[in-house]
Each structure stands twice: as structure tokens, then as C-alpha cells.
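Enquirer: Below: sequence and its predicted model.
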Amino acid sequence: MKQGLEKNSKMNVVFLKQKKYMPQKITFAFVMAFITTCSISFIHVVLNFGFLQGFFYIWFRSWSISFVFAFLIILFISHKVQVMVNYLLKKIQLQRKEKSKDGENR
């Protein structure tokens, strides 16, 4: 029974930490999606259509659709990507340490 309580208290701590960083996560996702989609949609519209009449309408429509998807994708996937990148960097770092140890042993 005590183990179950410990598990619940650990889960509560994790939940509180996640709740604490949620405004930061939302802000990061918003800013990142805004900058990325503005620039990429602008470049795509210019390359595909040029600066024709109604350019800003076409660009704004393209940007607004892209922004919604990018914001949600960044919000929900950024943590998993960060975990994957950390894992890969640690793996590379361990491989470098092993190589340097092999080089010293020769």
C-alpha cells in the first residue's frame, strides 16, 4: 500500500512540474510556429505565384492554415524530440569517450 502512495506522490510531482512549465511550452510553441510558418509560407507563395495582385491574401491564408498545424505539432511533439536528441547526444558522447579510451590504451 505504501508503494502505491509513493508512486502517486511521484506522479503528482511530475504533474505539478509539467503544469509549472506549461505556459513556457505554449509560448515556445507559439513563437516557434509563428516565425517558422511566416517565413516558409512567404517563401513558398513568392516562389509559386510571385508578387501578384492578392499576394497578401494568398500568403495570409497559407500562413494561417500552416500556423494552426505547426503550433499543435510543436506543442505535442517537442518534448519527444528533445528526449530523442538528448539520447542521441549522450550516445555520441559515450562513443567518443570509448574511442578516446581505446586510443590511450594503444
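Expert: Nice, I can see it.
Enquirer: what pLDDT, on average, does the longest helix seen in the chain get?
Expert: Looking across the chain with DSSP state H, the single longest helix is helix 55-105. Rounded to a whole number, the mean pLDDT of helix 55-105 is 88.
Enquirer: That helix - contacts with which helices or strands?
Expert: Secondary-structure packing of helix 55-105 (3 or more CB pairs under 8 Å, 6 or more residues apart in numbering; DSSP states H and E): helix 2-49. C-beta: built from backbone N, CA, C; applies to glycine.
Enquirer: Could you list the alpha-carbon positions for stretch 65-84 in CSV?
Expert: Coordinates of the C-alpha atoms in stretch 65-84 are reproduced here as CSV (Å, rounded to 0.1, in the frame of the first residue of the first chain):
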residue,chain,number,x,y,z
ILE,A,65,-3.6,27.2,-42.1
SER,A,66,0.1,26.3,-41.6
PHE,A,67,0.3,28.1,-38.2
VAL,A,68,-2.5,26.0,-36.7
PHE,A,69,-0.9,22.7,-37.6
ALA,A,70,2.6,23.8,-36.8
PHE,A,71,1.6,25.1,-33.4
LEU,A,72,-0.1,21.9,-32.4
ILE,A,73,2.7,19.7,-33.8
ILE,A,74,5.4,21.7,-31.9
LEU,A,75,3.3,21.7,-28.7
PHE,A,76,2.7,18.0,-28.6
ILE,A,77,5.9,16.6,-30.2
SER,A,78,8.7,19.0,-29.0
HIS,A,79,9.2,17.1,-25.7
LYS,A,80,9.6,13.7,-27.5
VAL,A,81,12.1,15.3,-30.0
GLN,A,82,14.0,16.8,-27.1
VAL,A,83,14.2,13.4,-25.4
MET,A,84,15.4,11.8,-28.6
